[in-house]
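Undergrad: Got a sequence here, can you model it:
(4 chains)
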Protein chains: 2
Amino acid sequence: MFVGNAVTVMQEKEISQAVIGRLPRYLRYLGDLKEKNIERISSQELSSLMNVTASQIRQDFNNFGGFGQQGYGYNVEYLYDEISKILGLDHNHNFVIIGAGNLGKALGNYLNFERRGFIFKGMFDMNPALIGQMVRDVQIKPMEELEVFLRENTIDIAVLTIPKTGAVGLVDTLVDNGIKAIWNFAHVDLDVPEGVQVENVHLSDSLMKLSYNISRYNDSKEQ
Amino acid sequence: MFVGNAVTVMQEKEISQAVIGRLPRYLRYLGDLKEKNIERISSQELSSLMNVTASQIRQDFNNFGGFGQQGYGYNVEYLYDEISKILGLDHNHNFVIIGAGNLGKALGNYLNFERRGFIFKGMFDMNPALIGQMVRDVQIKPMEELEVFLRENTIDIAVLTIPKTGAVGLVDTLVDNGIKAIWNFAHVDLDVPEGVQVENVHLSDSLMKLSYNISRYNDSKEQ
DNA sequence: GATACTTTGTCAAGAAATTATCAAATTTAT
DNA sequence: ATAAATTTGATAATTTCTTGACAAAGTATC
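TA: Presented below is the predicted three-dimensional model:
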C-alpha cells in the first residue's frame, strides 16, 4: 500500500515580495504590447523598454516556471495571461469601502478596478450626512450595518479610508466577519491575525520620500 | 606643502532608498512617543514597538551620524527633529494638483500634508465644468493657465491625478517651468530629465499585490 | 567614587537580491 | 538540410541589505 505521498505538501518556494512587486508593471507593459498586436518579445527587448536588466526579467519569470522558449522569446498574450493568473486576477474579488470621504469616493468611482475583477459592493460611513448618498451604484450605509452586510455577502477586501483612530478598532470586526484582506489607507500599522493580508498605502510616507529626494538632489548640486 | 584636501569634496555615502523608505515610519512612531511625553527610547524598545530588529534601527540612524548615546538611547524629540530635517520637512514645499477628479480633490482636501510643510497652491483641469470650483481655498483653473502660473509662483511639486494619456505629454511643460518633483498617480512610467524626482503611486499595482497575497495564502491552505 | 548595568556605533557575518555568463534549444537564413 | 543567429533557463558571481556580536562609552546604583 502506498501512503505518504498523499499528504506530501509540495514545498513551493516562497516568492519574494520584491518579485511580486514587479509583476504588475510587467503586466502593464505586456498589456500595452498586446494592444499593439505584438505577438512575441524577448527579455532583451522588454529590458530596454522597461529599463531593467534582461537577466532580472528572465529570473523573475522563471520563479513561476518556464514561460518562454529559446530562440523565440516570450509569447506576449500567453505571458500576460500567466501573470494575471499568478496575481489572482483570473477571478473576482468583492470589496467594500469603509470611510466615504473624498478618498473613499474617489476609489469607489475608479472604474479600472472593475476591469481587473475588483467589484465594488458596499460603502460605509459614520457620518449621518453621508448615509444614503450614491457612489456609482452603491449606496452609502451607516457603520452599524457593516457587520450584517459582511455576513450576508462574500466580501474579500475591506478598503480603509478612515482616520487612523477608527481603523485600529475596526480590524477585529472585519476579520471576524470574513474579510481576508485590508487595503489600508489609514496612517497606522494594523495588527491582524495570521493569514489576513494587509497592503498599506501611506500617502504621506510617499510624499516624504519625494521630499527627501528633492533635498538630496539640491544639496548635491550646491557642493 | 599639503594640497589635495582643499578641493576634496566630501564624498557622501549614497543612502539607499530602502533606508529612506523606512524613515517616515520611524518619524510616525517618534511622533506618537512625543505625544505621550516620552523623552528617551532605546533601539531595543523601539524595535519591539515597531517589529523590526534593533540592529536595523541603529544601522539606519547611523547612516546619518550618531543620534544616540551609549547607556541612554535616543532622545525622542531630538531624533524626531533630525529625521524631519533629513526628509526635508524643515522647510515648505509648494505643490499644484493637475487633474481635479475625485482623487485630485481628495488630495487637495487632505489637511495633514499642510502640517508637514506641503502647501496646496493651485489646481488645474481640462474639464470646463470644473473650472472655478473651489477646493479648500484654491480655485480650479483651466490647463491653459498652468504654464503662466508655474512661472509666476515657486512650485516644487506637481501632483498628477490625470489619466496616463495626458500625463506623459505634460512632463516637458512641468519641467520647463521649474517643477522639481512629480508625485505621479497616473498609471504610466514618466520619463523625466536627470535631477527631476518622480514618486509613483500606482494604486492598481498595490491592489494586485494584495490580490496575489490573498491567493497565495488560500492556495497554501488548500494543500 | 567604584562597580554593575545599559546601550550605542561599528565591524563582521549571513542572507537576499541582482547581474553576468553560458550551454542547450530553437528559429532564421542560406 | 546545414550553418549562423537568437534567446531562454540555469548556475555562478557579485552586490546590496539585514542581522549578529562586541568594545567603548555612557548611566544608574550603592
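
Undergrad: quick one: contacts for A:L46?
TA: Going by C-beta atoms under 8 Å, 6 or more residues apart in numbering or on different chains, A:L46 touches A:26, A:29, A:54, A:57, A:74. Placement of C-beta: from N, CA and C, glycine included.

Undergrad: Go again with 7 Å.
TA: A:29, A:57 (C-beta atoms under 7 Å, 6 or more residues apart in numbering or on different chains).

Undergrad: For the helix or strand where it lies, list every residue counted as buried.
TA: Secondary structure from DSSP states H and E places A:L46 in helix A:43-50. Across helix A:43-50, burial judged by 16 or more other C-beta atoms under 10 Å in any protein chain shown covers A:43, A:45-47, A:50.

Undergrad: Please compute how far it lies from its chain's middle.
TA: 24 Å (C-alpha atoms, centre = their mean, to the nearest Å).

Undergrad: With DNA strand C in mind, check whether that helix reaches it.
TA: No: with C-beta under 7 Å from any atom of the strand as the criterion, DNA strand C is not reached by helix A:43-50; the gap is at least 9.2 Å.

Undergrad: picking that back up, what would the buried residues of helix A:43-50 look like in TSV with distance to A:D125 and pLDDT?
TA: Shown next, in TSV, are these (distance: C-beta to C-beta, whole Å; pLDDT from 0 to 100):
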residue	distance to A:D125	pLDDT
A:S43	47	97
A:E45	48	96
A:L46	44	97
A:S47	46	97
A:M50	40	97
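
Undergrad: Can you give me the pLDDT of the closest residue to DNA strand D within chain A?
TA: DNA strand D sits closest to A:G66 of chain A, with a gap of 2.8 Å, by C-beta to the nearest atom of the strand. Looking at A:G66, its pLDDT is 83.

Undergrad: cool, and the one 10 residues further on?
TA: On pLDDT, A:V76 comes in at 97.

Undergrad: Is the residue lying closest to it once chain neighbours are set aside in a helix, a strand, or coil?
TA: Leaving aside its chain neighbours, A:V76 sits nearest to A:L33 (4.8 Å; criterion: C-beta to C-beta, 6 or more residues apart in numbering or on different chains). Using DSSP: H, G, I helix; E, B strand; the rest coil, the secondary structure recorded for A:L33 is helix.

Undergrad: isn't A:L33 right up against A:I41?
TA: Yes: counting by C-beta atoms under 7 Å, A:L33 does reach A:I41; the two are 6.2 Å apart.

Undergrad: which residues of chain A fall in strands?
TA: A:40-41, A:68-69, A:73-75, A:93-98, A:118-125, A:134-135, A:138-142, A:157-160, A:181-184, A:197-200 (DSSP state E).

Undergrad: Could you list the buried residues of the longest one?
TA: Taking 16+ other C-beta under 10 Å as the basis for neighbour counts, the residues of strand A:118-125 that come out buried are A:118, A:120-125.

Undergrad: roughly how far is it from the heart of the chain?
TA: 16 Å.

Undergrad: now the angle from it to strand A:138-142?
TA: When axes from the mean of the first three to the mean of the last three C-alpha atoms, to 10 degrees is applied, the directions of strand A:118-125 and strand A:138-142 differ by 40 degrees.

Undergrad: Let me have stretch A:93-112 in CSV, keeping just the CA atoms, if that works.
TA: Coordinates of each C-alpha in stretch A:93-112 appear next as CSV, following Å, rounded to 0.1, in the frame of the first residue of the first chain:
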residue,chain,number,x,y,z
HIS,A,93,-12.7,40.0,-5.6
ASN,A,94,-15.5,41.8,-3.9
PHE,A,95,-14.7,44.8,-1.8
VAL,A,96,-16.3,47.3,0.5
ILE,A,97,-15.0,50.8,1.2
ILE,A,98,-15.1,52.0,4.8
GLY,A,99,-15.0,55.7,5.0
ALA,A,100,-16.9,57.8,2.5
GLY,A,101,-14.8,60.8,2.5
ASN,A,102,-13.1,62.3,-0.6
LEU,A,103,-10.6,59.4,-0.9
GLY,A,104,-13.2,56.7,-0.4
LYS,A,105,-15.4,58.2,-3.0
ALA,A,106,-12.5,58.6,-5.4
LEU,A,107,-11.7,54.9,-5.1
GLY,A,108,-15.3,53.9,-5.4
ASN,A,109,-15.6,55.8,-8.6
TYR,A,110,-12.5,54.4,-10.1
LEU,A,111,-13.8,52.1,-12.8
ASN,A,112,-10.5,50.5,-13.8
